[in-house]
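Undergrad: quick one, what's the 3D model for this:
(one chain, ligands or ions: 1)
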Amino acid sequence: MSNNKPFGARLRAAMDTRGPLCVGIDPHAHLLDAWDLPDTAEGLAAFTYGVVDALADQVAVFKPQSAFFERFGSAGIAVLEQATIQLREAGALVIIDAKRGDIGTTMAGYASAYLAEKGPLACDALTVSPYLGFGSLQPAIDEARAAGAGLFVLALTSNPEGPQFQSARTTDGPTVAGAVLDGLRELNADTDDLGSFGAVVGATISSTTENLDIHGPLLAPGLGAQGGTPESLTKVFGAAVRNVVPASSREILAAGPNPTALRQAATRTNDAYRTVLGY
Ligand SMILES: O=C(O)c1cc(=O)[nH]c(=O)n1[C@@H]1O[C@H](COP(=O)(O)O)[C@@H](O)[C@H]1O
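TA: Numbering: from 1, shown residues only. Sure, this is the predicted structure:
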């Protein structure tokens, strides 16, 4: 599948058409059990395709969590590959949440797997970790630009441990999170509306003094199961709220396996975010 426009432009168009909601596909063992499925690769496949069949034509963005597919080895990765293809064929965008990050040459390997147009796990965007330095992400940035794909770089994560590192000051002055946001702002400098290089900012962080105006998407996990609400988005993101991609996994997946119930849960949640984000 080839990308006719850069990720940022495709993301804005998809959110305009289908609403801003990003449904996380996190097939936890307890959810397989709740769906009356075995905790096996077959159960994982039935769960994942159940979500794809119910929601692929109505939701703008999906974020499969690689960890829950890796749990089943190559059989699980095959499900991730196939589901990604099916979701994209149905007109949805796929962010693979694998939080990859390594030194330059190794990062290039991850980039060719997930971002290159003909990569085996080719998706629309990948979550990446800047722990090895923002510059270590360069091969992924280059591959994303070449393929019309995007990246979401961890900046202010939703977990309580995040601030230990993310609030620490770099030698140049800004916090680590601030340096990540500065790097993203530079990457998106030449785009009018939404650039292709996004930040991950948890909906649970209550507030921040960092500048979230990066001309790029702000992936906001932590909604629903972790306590974030539509109202928390206005508090956390302020003027940048229009660029938020609200992500929710367990809260929506728990409505399954009935496809009608899943669709209703997604519609209800999407409508709540439409109102808050101005879609
Ligand atoms: O990158 C992410 O998506 C992410 C970053 C973050 O700061 N917090 C966070 O929860 N996530 C992911 O978002 C999903 C949250 O799932 P729920 O809490 O079930 O909605 C998980 O797959 C997490 O790994």
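Undergrad: measure the nearest residue to F197 once chain neighbours are set aside to the ligand for me?
TA: Leaving aside its sequence neighbours, F197 sits nearest to L187 (C-beta to C-beta, 6 or more residues apart in numbering; 4.2 Å). (Glycine included, C-beta is placed from N, CA and C.) For L187, the distance to the ligand (C-beta to the nearest ligand atom, to the nearest Å) stands at 18 Å.
Undergrad: any idea of the pLDDT on L187?
TA: pLDDT for L187: 98.
Undergrad: now N4
TA: So N4 comes in at 86 (pLDDT).
Undergrad: kindly report the residues of the chain close to the ligand.
TA: 24, 26, 65, 97, 127, 157-159, 200, 202, 221-222, 224-226, 247-250 (C-beta under 6 Å from any ligand atom).
Undergrad: hang on, the earlier thing: number of residues surrounding the residue nearest to F197?
TA: Using other C-beta atoms under 10 Å as the criterion, L187 is surrounded by 23 other residues.
Undergrad: among the residues of the chain next to the ligand, which are in helices?
TA: Judged by DSSP state H, the subset of the residues of the chain next to the ligand located in helices is R250.
Undergrad: off-centre distance for the least confident helix or strand in the chain by mean pLDDT?
TA: Lowest mean confidence among the helices and strands of the chain (mean pLDDT, DSSP states H and E): helix 230-237, at a mean of 94. In terms of C-alpha atoms, centre = their mean, to the nearest Å, the centre of helix 230-237 is found 18 Å from the chain centre.
Undergrad: could you say what helices and strands that helix packs with?
TA: strand 218-220, strand 244-248, helix 259-277 (3 or more C-beta pairs under 8 Å, 6 or more residues apart in numbering; DSSP states H and E).
Undergrad: now the residue in the stretch 1-150 of the chain that the ligand sits nearest to: closest residue in space, sequence neighbours ignored.
TA: Closest to the ligand within the stretch 1-150 of the chain is Q65: 3.8 Å, counting by C-beta to the nearest ligand atom. Distance criterion C-beta to C-beta, 6+ apart; nearest residue to Q65, sequence neighbours excluded, is D26 at 4.4 Å.
Undergrad: same question for G227.
TA: That would be T204: by C-beta to C-beta, 6+ apart, it lies 5.8 Å from G227.
Undergrad: what about the helices and strands packed on helix 230-237, which gets the closest to A75?
TA: helix 259-277 (23.8 Å; C-beta to C-beta).
Undergrad: just to revisit the earlier point, what's the burial count for the residue of the stretch 1-150 of the chain closest to the ligand?
TA: 20.
Undergrad: before we move on, what about A189?
TA: 10.
Undergrad: do the same with H30
TA: So H30, with other C-beta under 10 Å, has 11 neighbours.
Undergrad: so it lies in a strand, does it not?
TA: No. Assessed with DSSP: H, G, I helix; E, B strand; the rest coil, H30 is helix; it does not lie in a strand.
Undergrad: circling back to that earlier point, ok, now which ones touch the residue nearest to Q65?
TA: Shown in contact with D26 (C-beta atoms under 8 Å, 6 or more residues apart in numbering): 64-65, 68, 249-250, 253.
Undergrad: list phi and psi for it.
TA: For D26, the backbone dihedrals (degrees, to the nearest 10) come out as phi -120, psi 90.
Undergrad: mind checking pLDDT for it?
TA: Reported pLDDT for D26: 98.
Undergrad: what of M1?
TA: Model confidence at M1 (pLDDT) stands at 59.
Undergrad: for A225, same thing?
TA: 92.
Undergrad: skip the chain neighbours and tell me the closest residue to it.
TA: R250 (3.9 Å).
Undergrad: pLDDT wise, what is that neighbour at?
TA: For R250, pLDDT reads 97.
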